[in-house]
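>>> Just need the structure, nothing else, for what follows:
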Amino acid sequence: MKKTNWNKAAAILVAFVILLTFGACGSKQAADGSYREYSDVNLAAVDGNGKGGISKAASENQADAAPAENSKPTYTGNRKIIRNASLDLSTEKYSETIKAIEKATADLGGYIEQSQETKYDDFSYTSMTVRIPTEKLDEFLGKMDGVATVTSKSITSDDITASYVDTESHLKALRTEQDTLLELLSKANGLSEILEIQDRLTSVRAEIEYYQSLMNTFDNELEYSTVRIEVDEVRHEVVTGEGFWAKIGLGLKESFYDVGTGIANFFSWIIIHIPYLIILAVIIVALCAIIKKLKAKRKTKKEKKNAGQTDSADVSGQK
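Numbering: from 1, shown residues only. Coordinates of the predicted model:
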């Protein structure tokens, strides 16, 4: 009988211990759950007196956020694609081509970011960088086909969706943390806690400025396409895809042009160098006059000498 009572007492004790164990586990899980929810919004770990730091909360918050950052993002909107282009143009009508490019850029709501002109011999060369609204890039490139001969064209597309979404998420999280820190700062007690919150707030604001600058760059590149244009002035524009007879015609045209240019350059050279030619002519005339005078003197001497020899011969004969 006693043995039976002891068995019952032991069973009751074991059951009581088990209940206490489950109750403690349940309380710990509830406490952990509430703390995680508290730290998910970047709140500081505060003790019973309302004091505490932000280091533990910030570290646990980062630990909770790590899996989300490493997970593959999903894109629900349009993809973020940067489109740029480059053009090489050759033209006989250089000034008209430059004006046409400037007009097309302004008409489509773009602007010239950079332009540099170089002159060599009788020709000019310009390197330009223009920014065109992305949705009007194809229209702009179409206009360029009509202002000059396009000798080279390339278009690039850069998908920055992943970088854009990642940067946007970082910026959103940092702003949320900033708001939380400002709220904590207004409720902080003690100098050490205030300094700790302000230190973290300074770091967060620096990161916000960095990511906001990155977002501004992304938005600008997405809104405006960059077009690099090289304009080369030539004597004759080369038409791509020309046939046999067209090549012969172009060759004859080049030959006649070279002959005409040569004659024009010759007469231009003469006109430009007239002063030097006049001086040279005077020198030549003077030299010719001197040479002629010297020859005349030499001839006179020779004649006198010959006359003297003749007189001597006559005298000898008379003797």
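
>>> average pLDDT for the longest helix seen in the chain?
The longest helix of the chain (DSSP state H) is helix 274-318. Regarding helix 274-318, the rounded mean pLDDT is 79.

>>> try stretch 152-166
Averaged across stretch 152-166, pLDDT comes to 94.

>>> And that stretch, end to end?
Stretch 152-166 has an end-to-end distance of 36 Å (CA to CA, to the nearest Å).

>>> Show me the strands in the stretch 101-250 of the chain, by range?
With DSSP state E, counting those that start in this stretch, the ranges of strands along the stretch 101-250 of the chain come out as 111-120, 123-133, 149-159, 224-233.

>>> Compare these and report which one is nearest to L89.
strand 224-233 (4.9 Å; CB to CB). (Each C-beta comes from the backbone N, C-alpha and C, glycine too.)

>>> buried residues in the closest one?
224-229, 231-233 (16 or more other CB atoms under 10 Å).

>>> still on that earlier bit, of the strands of the stretch 101-250 of the chain, which approaches D88 most closely?
strand 149-159 (3.8 Å).

>>> That closest one - which strands sit beside it in the sheet, and in what orientation?
strand 81-91 (antiparallel) (DSSP bridges).

>>> got the contact list for the partner strand?
With CB atoms under 8 Å, 6 or more residues apart in numbering as the test, strand 81-91 has contacts from 97, 134, 137, 141, 144, 147-161, 221-222, 225-234, 237-238.

>>> hmm, which of these are the buried ones?
Buried among the contacts of strand 81-91 by 16+ other CB under 10 Å: 97, 134, 137, 141, 144, 147-149, 160, 221-222, 225-229, 231-233.

>>> Relative to F140, how far out is the residue lying closest to E139 once chain neighbours are set aside?
In space, and not counting its chain neighbours, E139 is closest to L108: 6.5 Å by CB to CB, 6 or more residues apart in numbering. Noted for L108: a distance of 6 Å to F140, by CB to CB, to the nearest Å.

>>> likewise R79?
22 Å.

>>> neighbour count winner among these two?
F140 (21 against 10; other CB atoms under 10 Å).

>>> how about stretch 78-86: buried residues?
80, 82-85.

>>> ditto for stretch 91-110
In stretch 91-110, counting by 16+ other CB under 10 Å, buried: 91, 94, 97-98, 100-101, 104-105, 108, 110.

>>> Stretch 199-208 too?
Here stretch 199-208 shows 200-201, 204, 207-208 as buried, counting by 16+ other CB under 10 Å.

>>> Could you export the residues you listed as TSV, including distance to Q116 and pLDDT?
Listed next are the buried residues of stretch 199-208 as TSV, based on distance: CB to CB, whole Å; pLDDT from 0 to 100:
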residue	distance to Q116	pLDDT
R200	48	94
L201	46	95
V204	43	96
E207	38	96
I208	37	96
